[in-house]
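J.: fold the following, please.
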Amino acid sequence: MGGTEKKLDCCVVRDLLPSYIEELTEEETTALIRAHLEGCPGCREVEQAMRAAVPVERAPKRALRFLRRVKRTRLLAAVLSVLAALWCMWWLYDQAFHYANTETGRLAAVEDYIPSPDTSLGLTGVEEGTPLEVVGWQTREDHLFIFYMADNEEQVHGILHLVRGLNGKYQAVEADMSPSAYTAGLYGGNLSPRDTDWRLFYLAGYDCRDIYAAEAEFWYQDADGTGYDTATIRYDLSGEDFLRVMDVEELMEELGLPEKENASLVLESVRLFDKDGADVTEAYRNNDTDLSWSSGKSTAERFLLYVYLGIVALIGGCLTRYFLRRD
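T.: Numbers count the residues shown, from 1 in each chain. Got it, this is the predicted structure:
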């Protein structure tokens, strides 16, 4: 079955002529009008009269080129706005999550975060310029724990806790610091990392090259404080420096202590032995240490970082929309 040929009546064509002359009609409509005009002298005369009465003004080519340049410039400005906003957001994020889990990155995190500036408050800690050493490190999911030592009179030591960001680098979020009772040997303490429900305990060894074993005595108490116990365990020290982070329940099981929820565990004392099994604890005791203090520091919540990122994204979006607007 053949198709029906489309034709327009004169009255319809004459109604459409103003739009046709200004080139506002659709392609199909334009073709039908043109075909009608070719076969209809009356409508063709009306068209010619309209064109003569109202001449169509076309924009000069120079003006059209200028408008195209303006459009390209606006598009380029919009793209640059997006790129600038993304770069600023990346820069802000990288300033927060800045440290790579490498030997250089871990030491930089310790050297940047641990020292405290001199104040009139007489706070204890690590002074600026004090040499610091990364003794050992361990990751647990997105968290990095670094055991460090300060080369000062009290040999301040502790754990620096970092959290990994989306860029694969880490942000330092908190640290503790305490003076050392020994110049070398076994150290330990409880960890309650921020933003987690973990109950962890760490054991670290420092400068154990001439120490072959350590006997650690732990003090244990129920969460309600109604009962306590002690347990002793001997560790063979196969490495000069190390860090081991474990669940409190894991250590309690290793010590043979009954498992109770929220029970506290404290490293009470340490005895050090040489390769012949002789007790050399006193040889490593640090008699210049004031053991009456311990302190810590923490980073402000990351909420402020995300506020800054949101502000940059909003500014970038507004600029992009401005450059892409239609006048």
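J.: what's around Trp87, how many residues?
T.: Taking other Cβ atoms under 10 Å as the neighbour definition, Trp87 ends up with a count of 12. To be clear about C-beta, it is placed using only N, CA and C from the backbone, and glycine gets the same treatment.
J.: tell me if it really is in a strand.
T.: No - Trp87 sits outside any strand when classified using DSSP: H, G, I helix; E, B strand; the rest coil, being helix.
J.: could you tell me the model confidence score at it?
T.: For Trp87, the model assigns a pLDDT of 95.
J.: give me the buried positions along the one helix or strand Phe66 maps to.
T.: Element membership for Phe66, per DSSP states H and E: helix 61-96. Burial within helix 61-96, assessed by neighbour count using 16 or more other Cβ atoms under 10 Å, is assigned to Ala78, Ser81, Ala85, Cys88, Met89, Tyr93, Ala96.
J.: can you put those in TSV and add distance to Gly188?
T.: Written out in TSV, the entries for the buried residues of helix 61-96 read as follows (distance: Cβ to Cβ, whole Å):
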residue	distance to Gly188
Ala78	58
Ser81	53
Ala85	47
Cys88	44
Met89	41
Tyr93	35
Ala96	31
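J.: check which helices and strands the helix holding Phe66 sits against.
T.: The elements that helix 61-96 packs onto, with contact taken as 3 or more Cβ pairs under 8 Å, 6 or more residues apart in numbering; DSSP states H and E, are helix 303-323.
J.: gap between the helix it packs on and the chain center?
T.: What separates the centre of helix 303-323 from the centre of its chain is 17 Å, taken as Cα atoms, centre = their mean, to the nearest Å.
J.: ok, now stretch 142-152?
T.: In terms of Cα atoms, centre = their mean, the centre of stretch 142-152 is found 20 Å from the chain centre.
J.: got a list of contacts for the host helix or strand of Glu215?
T.: The secondary structure element spanning Glu215 is strand 213-221 (assigned by DSSP H and E). Outside strand 213-221, the residues within contact range by Cβ atoms under 8 Å, 6 or more residues apart in numbering are 185-186, 188, 203, 205, 208, 227-237, 251-252, 255, 257, 263-273, 277.
J.: buried ones from those residues, can you make that a PyMOL selection?
T.: Typed into PyMOL, the next command selects the buried ones out of the contacts of strand 213-221 (criterion: 16+ other Cβ under 10 Å):
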select buried, resi 185+186+188+203+205+208+231+237+251+252+255+257+263+265+267+270+271+272+273
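J.: so which of the contacts of strand 213-221 belong to strands?
T.: Using DSSP state E to define strands, the subset of the contacts of strand 213-221 located there is 185-186, 188, 203, 205, 228-236, 264-273.
J.: so which helix or strand takes in Leu243?
T.: Counting by DSSP H and E, Leu243 is part of strand 242-247.
J.: would you list the strands that that strand pairs with, along with their directions?
T.: Based on DSSP bridges, the strands next to strand 242-247 in the sheet, each with its direction, are strand 200-206 (antiparallel).
J.: list the contacts of the partner strand.
T.: Outside of strand 200-206, the residues that reach it under the criterion Cβ under 8 Å, 6+ apart are 135-136, 140, 145, 147, 149, 157, 159, 184-193, 211, 214, 216, 235, 237, 239-248, 251, 265, 267.
J.: cool, and stretch 7-27?
T.: Taking contacts as Cβ under 8 Å, 6+ apart, the residues outside stretch 7-27 that touch it are 29-30, 32-33, 35-37, 40, 42-43, 46-47, 50-51, 54, 56.
J.: Asn51 and Pro18, how far apart?
T.: For residue 51 the amino acid is Arg, not Asn. When distance is defined by Cβ to Cβ, to the nearest Å, Arg51 is 11 Å away from Pro18.
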